[in-house]
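Visitor: Pasting the sequence and the predicted model now:
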Amino acid sequence: MASLAGKKIIVGITGSIAAYKSASLVRLLIKAGAEVQVLMTPAAADFITPLTLSTLSKRPVYSSVSSESGWNNHVELGLWADAFVIAPLTATTLAKLANGICDNMLAAAYLSARCPVFFAPAMDLDMWHHPATSHNVERLQSYGNHLIPVGTGELASGLHGDGRMAEPEEILNLLDRFFARQQDLKGKKILITAGPTFEAIDPVRFIGNRSSGKMGIALADAASLRGAEVVLILGPSRLSAPESKVKTIRVQSAQEMHDAAIAEFPSCQVGILAAAVADYRPKTVATEKIKKQGDELTLELVKNPDIAAYLGKNKAKGQVLVGFALETNNEESNALGKLERKNLDCIVLNSLRDKGAGFNHDTNKVSILFKDNKRQDFELKAKAAVADDILTAVVGLLAKV
Ligand code: C5P
């Protein structure tokens, strides 16, 4: 359990009979060297005493946002934690979290948390299989939260079936693996391009595209969480990387993105090119705003440098280069053509035909195509989870180059 040493973990406990298992979970985490802050919903105290948990965690247990000793700072806690594990999670709290309802300390900390969130539901068989529950679980997953699957067996109601909370040892193992994997990019420097580019026509107008930058930013965050040093070259996106360790270089045009990328890439082991770069730019940029004239206006365009092709051509041994292909037709053959032409190690294909994929969504559905004709197809997921899948592929490629 070496990966858990020194990690700061919030354990959230809700009002289920399985709450007795949370005492073992807290004890195991403390034994593994983690710092644990327990948050309980008021109903959880009907099943297990806060005194038991504060003794095991060696910290006071919080239940409401305000108490006799003042205001409990949920925002601070949300930022403090490396992981937030809610075990057991009842149907009621699940529904609250899925809807952003915030009427206790656990729910407030959940909404404020920037760290990975894990949830281990516990409920009776029929409650677990109710469509409302399934819907709420999916909602949490769509926010990037990690489901710890329920077990099958004897339930407190006397029924037998799905709905048991995962065993504390299983939860501990899962967290340990998560943190071990999280550091699999330690010592690596990664260049990521993201967002659109704006190609100036005059001081007011530009040619742009609908890229939000969300996918590249999710990659930058995930890579930083997994221990990489990240340089994010970000086009004119309204968003920015929340991970404070990411070094962001802001650019406007394809030419600026190109210049920044070729300056940074030689010191990197990985390049992930998620930006939607304009292929053409106006040949000249008018110094004054272009006035309305006749019925037609012709703009002459010239080709922009292809950053991916340049980096692919100049790639050194040991460097991994990942491209993106957003296609509307002939998806696979277009993507494979780019993989080849740009000398990439793999290409992430997303189609505008897939619902929930592509520009501006919080979710994406991708396939990763590799040089050796292998491919991996993924389900529609939160962009944070897609970023992790791509980085896992990168880790695999790094081991081979
Ligand atoms: O050829 P296409 O633009 O569709 O290729 C997509 C891939 O190439 C993406 O990874 C994109 O970031 C990259 N690209 C680039 N420089 C360009 C155009 C595309 O790096 N000028």
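Guide: Received, thanks.

Visitor: Strands along the stretch 151-300 of the chain, start to end?
Guide: 151-154, 160-164, 189-194, 199-200, 206-207, 229-234, 247-250, 270-273, 280-282 (DSSP state E, counting those that start in this stretch).

Visitor: hmm, who's touching the fifth one?
Guide: Spelled out, it's strand 206-207. 198, 199, 200, 201, 278, 280, 281, 282 (C-beta atoms under 8 Å, 6 or more residues apart in numbering). For glycine as for every other residue, the C-beta is placed from the backbone atoms N, C-alpha and C.

Visitor: Around the ligand, which positions in the chain sit nearby?
Guide: 193, 254, 273, 275, 277, 304, 306-308, 323-325, 338 (C-beta under 6 Å from any ligand atom).

Visitor: Of these, grab the buried ones for PyMOL.
Guide: Of the residues of the chain next to the ligand, the buried ones can be selected in PyMOL as follows, counting by 16 or more other C-beta atoms under 10 Å:
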select buried, resi 193+254+273+275+277+304+306+307+308+323+324+325+338
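
Visitor: Now tabulate the residues of the chain next to the ligand in a markdown table and tack on pLDDT.
Guide: Shown next, in a markdown table, are the residues of the chain next to the ligand (pLDDT from 0 to 100):
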| residue | pLDDT |
| --- | --- |
| 193 | 98 |
| 254 | 98 |
| 273 | 98 |
| 275 | 98 |
| 277 | 98 |
| 304 | 98 |
| 306 | 98 |
| 307 | 98 |
| 308 | 98 |
| 323 | 98 |
| 324 | 97 |
| 325 | 96 |
| 338 | 97 |
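
Visitor: Restricted to helices, list the residues of the chain next to the ligand.
Guide: 254, 307, 308, 338 (DSSP state H).

Visitor: what's near enough to touch residue 43?
Guide: 14, 15, 90, 92.

Visitor: I'd guess it is in a helix, am I close?
Guide: Yes. Per DSSP: H, G, I helix; E, B strand; the rest coil, residue 43 lies within a helix segment.

Visitor: which of the residues in stretch 232-242 are buried?
Guide: 232, 233, 234, 235, 236, 237, 241.

Visitor: where along this protein do the helices fall?
Guide: Going by DSSP H, the chain shows helices at 19-31, 50-57, 74-80, 91-99, 105-112, 125-129, 131-142, 168-182, 214-225, 254-264, 307-313, 331-341, 383-398.

Visitor: ok, and which of the ones you listed has the densest surroundings?
Guide: For these, average neighbour numbers computed from mean count of other C-beta atoms under 10 Å are highest in helix 214-225, which has a mean of 26.

Visitor: And that one, what does it pack against?
Guide: strand 189-194, strand 229-234, strand 270-273, helix 383-398 (3 or more C-beta pairs under 8 Å, 6 or more residues apart in numbering; DSSP states H and E).

Visitor: So which of the ones you listed is nearest residue 105?
Guide: helix 383-398 (24.7 Å; C-beta to C-beta).

Visitor: and the closest one, what's its mean pLDDT?
Guide: Across helix 383-398, the average pLDDT comes to 93.

Visitor: Show me what it packs onto, helices and strands only.
Guide: helix 214-225, strand 270-273, strand 320-327, strand 346-351, strand 363-364, strand 367-370.

Visitor: So for residue 42, which of these sits nearest?
Guide: helix 214-225 (32.5 Å).

Visitor: Now that closest one: average pLDDT?
Guide: Here the average pLDDT along helix 214-225 is 90.

Visitor: Stretch 165-172 now?
Guide: 93.

Visitor: Any chance you could list what contacts it?
Guide: 1, 4, 16, 18, 21-22, 24-25, 28-29, 32, 85, 87-88, 118, 120-122, 148-151, 174.

Visitor: Distance from the chain centre to that stretch, please.
Guide: 23 Å (C-alpha atoms, centre = their mean, to the nearest Å).

Visitor: and what of stretch 25-37?
Guide: 25 Å.

Visitor: cool, stretch 144-162 as well?
Guide: The answer for stretch 144-162 is 26 Å, by C-alpha atoms, centre = their mean.

Visitor: In it, which residues are buried?
Guide: Buried-residue list, stretch 144-162, by 16+ other C-beta under 10 Å: 144, 145, 146, 148, 150, 155, 161, 162.

Visitor: How about stretch 268-288?
Guide: Result for stretch 268-288 [16+ other C-beta under 10 Å]: buried residues 268-278, 281-282.

Visitor: Just flag the most distant two among those.
Guide: So, the buried residues of stretch 268-288 by C-beta to C-beta: farthest apart are 269 and 282, at 35.9 Å.

Visitor: Tabulate the buried residues of stretch 268-288 (TSV), appending distance to residue 383.
Guide: What follows is the buried residues of stretch 268-288, written out as TSV (distance: C-beta to C-beta, whole Å):
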residue	distance to residue 383
268	22
269	23
270	18
271	19
272	13
273	16
274	10
275	15
276	15
277	19
278	22
281	28
282	32
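
Visitor: pLDDT value on the nearest residue to residue 17 once chain neighbours are set aside, please?
Guide: Nearest residue to residue 17 in three dimensions, chain neighbours excluded: residue 156, at 4.5 Å (C-beta to C-beta, 6 or more residues apart in numbering). pLDDT for residue 156: 83.

Visitor: Spell out which residues sit in contact with residue 156, please.
Guide: Counting by C-beta under 8 Å, 6+ apart, residue 156 has contacts 17, 18, 124.

Visitor: Which single one of those is nearest to the ligand?
Guide: residue 18 (45.9 Å; C-beta to the nearest ligand atom).

Visitor: tell me the pLDDT at the closest one?
Guide: Looking at residue 18, the pLDDT reads 96.

Visitor: To residue 319, which of the strands of the stretch 151-300 of the chain lies closest?
Guide: strand 270-273 (7.1 Å).

Visitor: thinking again about what came up before, closest to residue 56 among the contacts of residue 156?
Guide: When the contacts of residue 156 are compared against residue 56 (criterion: C-beta to C-beta), the nearest one is residue 18, at 16.3 Å.

Visitor: So the closest residue to residue 344 other than its chain neighbours versus residue 398, what's the distance?
Guide: In space, and not counting its chain neighbours, residue 344 is closest to residue 323: 4.4 Å by C-beta to C-beta, 6+ apart. Distance from residue 323 to residue 398, counting by C-beta to C-beta, to the nearest Å: 16 Å.
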